[in-house]
Every structure is written in structure tokens, then in C-alpha cells.
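> turn this into a model:
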Amino acid sequence: MTAIQWSDGAPIYRQLKERVVAMMLDGLLKPGDALPSVRQVAAEYQLNPITVSRAYQELADEALVEKRRGLGMYVTEGASQKLLSSERERFLREEWPLVLERILRLGLTPAELLSSGTATEGAQ
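Coordinates of the predicted model:
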């Protein structure tokens, strides 16, 4: 895992969980990959091991990782597809209505939105 900036807006265990989810969606953690140990993450980020365990437990509760006795936590086979589906659903339910409201408020046209996207891609 890379350096993490913790924010005060959400519990740290949830932020850690979201970071692991992002790594799965980005393909940095693939099905069958082991998560770093609770002790390793706790030491690296100066967290309480209980905080790390709670994040990992939520991932396990959602069947995104599985505990292998004596070996640790591993990404499950269907994790990335399950995440992609649930993240898309969450985006459409929670984020898209706010984005759409702003687009309408600003009077942006589909052509303007599409042309600004290609200009951004070219700048990268």
C-alpha cells in the first residue's frame, strides 16, 4: 500500500477499507492476492491493529476477501466484479444526481461536456 492521508471526515477503518476497495478496482489487488497482514498495516500506518481488523472484517463480511486459517486474508474470485457492480450502483444512486443537478444548473450541453472530456484527456 502507498502513503495514506487520513481525513477527519470518516472513521479510519472505513478509509482503510475504501483504500483496499480502490486497489481492487484499480487491479492492484487481484483475485487470489493476499492482503498485507493486520500487524504489517498497523505498524506501517501507526494504527491500532483493531482498526485494521475492523476494516478487514467488513471486507470479509461483504465476501470481497476470505480468511485462510493460518495464512491471512485473500481477495476472492468475484471481488472485482462485485465491487464494480456495487460501486456503479452507488455512483448512480448517490453521486450522479448531484452531478446532474449541477450540470443542469450551469446549463451545460452534452456537446460541451463531451468536448471538455477530450480536452482533459489530451492534457494528460
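
> going by C-alpha atoms from here, please, whenever you check contacts or count neighbours.
Fine.

> next, count neighbours for residue 97.
12 (other Cα atoms under 10 Å).

> quick one: average pLDDT of the helix or strand hosting it?
Here residue 97, judged by DSSP states H and E, is contained in helix 96-106. For helix 96-106, the mean pLDDT works out to 94.

> name the helices or strands packed onto that helix?
Helices and strands touching helix 96-106, by 3 or more Cα pairs under 8 Å, 6 or more residues apart in numbering; DSSP states H and E: there are none.

> export it to PDB, keeping only CA atoms.
C-alpha atoms of helix 96-106 as PDB (Å, rounded to 0.1, in the frame of the first residue of the first chain):
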ATOM      1  CA  TRP A  96     -24.800  11.100 -10.300                       C
ATOM      2  CA  PRO A  97     -28.000  13.000  -9.200                       C
ATOM      3  CA  LEU A  98     -25.800  15.700  -7.600                       C
ATOM      4  CA  VAL A  99     -23.600  15.900 -10.800                       C
ATOM      5  CA  LEU A 100     -26.700  16.100 -13.000                       C
ATOM      6  CA  GLU A 101     -28.200  18.800 -10.800                       C
ATOM      7  CA  ARG A 102     -25.000  20.900 -11.200                       C
ATOM      8  CA  ILE A 103     -24.900  20.300 -15.000                       C
ATOM      9  CA  LEU A 104     -28.500  21.500 -15.300                       C
ATOM     10  CA  ARG A 105     -27.900  24.400 -13.000                       C
ATOM     11  CA  LEU A 106     -24.900  25.500 -15.100                       C
END
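
> chain center to that helix: distance?
Taking Cα atoms, centre = their mean, to the nearest Å, the mean C-alpha location of helix 96-106 is offset from the chain mean by 24 Å.

> burial count for the nearest residue to residue 79 once chain neighbours are set aside?
Spatial nearest neighbour of residue 79, excluding adjacent residues (Cα to Cα, 6 or more residues apart in numbering): residue 64 at 4.7 Å. Residue 64: 24 surrounding residues under other Cα under 10 Å.
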